[in-house]
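In: Mind folding the following:
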Amino acid sequence: MKLKILSLMVVAVCALGACETAEGYRKQLTQYQGQTTQQLLAEWGKPTLVNRLEDGREIWVYKESKDLPRGGYFDHRYYRTSAKFDTEAGDAQTRRYIEARKVWVPRYILKSVCSTQFIVEHHNVVEEFSFRGNGCLANEWGI
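Out: The predicted structure follows:
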């Protein structure tokens, strides 16, 4: 029963928190294809880096990185274990069970990075995009 309630709580948190994914990020970036660079500048700001391709197009690169603190709490780990015992008849038997142990999860820093590139054609129109990194996440449902 407790496991069922916990599962429902996890689903509710994902639904309310609008789980972020790389696919959601890709969907979000597709809105910029065919748009002018003015919209890109208004929403993303000045690019971190601009490179020019041989054919005259430009690659606008936006880089973002942040440190996300994690840990610093107690959690439970579950272990399969067994115990031997004698029955009233004198037979030796083994009982198997799962034991929960409280463990400390030490603090650590998760590095979140995302590099997004937009290819801009001659008339200042966003032609295509690409991205890389564990921090390139967005809500899939547009919330």
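In: Over to the most far-flung residue of the chain relative to its centre. Which of the three states is it?
Out: No residue in the chain sits farther from the centre than Ala89, which is 56.4 Å out by C-alpha atoms, centre = their mean. Under the three-state scheme (DSSP: H, G, I helix; E, B strand; the rest coil), Ala89 adopts coil.
In: what's it sitting at in phi/psi?
Out: Backbone torsions for Ala89, taken as degrees, to the nearest 10, come to phi -80, psi -10.
In: again, but for Ala42
Out: Dihedral angles for Ala42 - degrees, to the nearest 10 - are phi -70, psi -40.
In: Heading C-terminal from the helix or strand bottoming out on mean pLDDT in the chain, find the next helix or strand.
Out: Sorting the helices and strands of the chain by mean pLDDT, DSSP states H and E puts helix 2-17 at the bottom, at a mean of 49. For helix 2-17, the following helix or strand on the C-terminal side (DSSP states H and E) is strand 20-21.
In: Can you list the neighbours in contact with the helix or strand following that next one?
Out: Sequence order places helix 22-30 as the next helix or strand after strand 20-21, per DSSP H and E. Outside of helix 22-30, the residues within contact range by C-beta atoms under 8 Å, 6 or more residues apart in numbering are 114, 116, 129, 131, 136-142. All C-beta spots, glycine's among them, are computed from the backbone N, C-alpha and C.
In: same thing but 10 Å
Out: 18, 21, 114, 116, 118, 126, 128-143 (C-beta atoms under 10 Å, 6 or more residues apart in numbering).
In: Let's see which of those residues end up in strands.
Out: 21, 114, 116, 118, 126, 128-132, 138-139 (DSSP state E).
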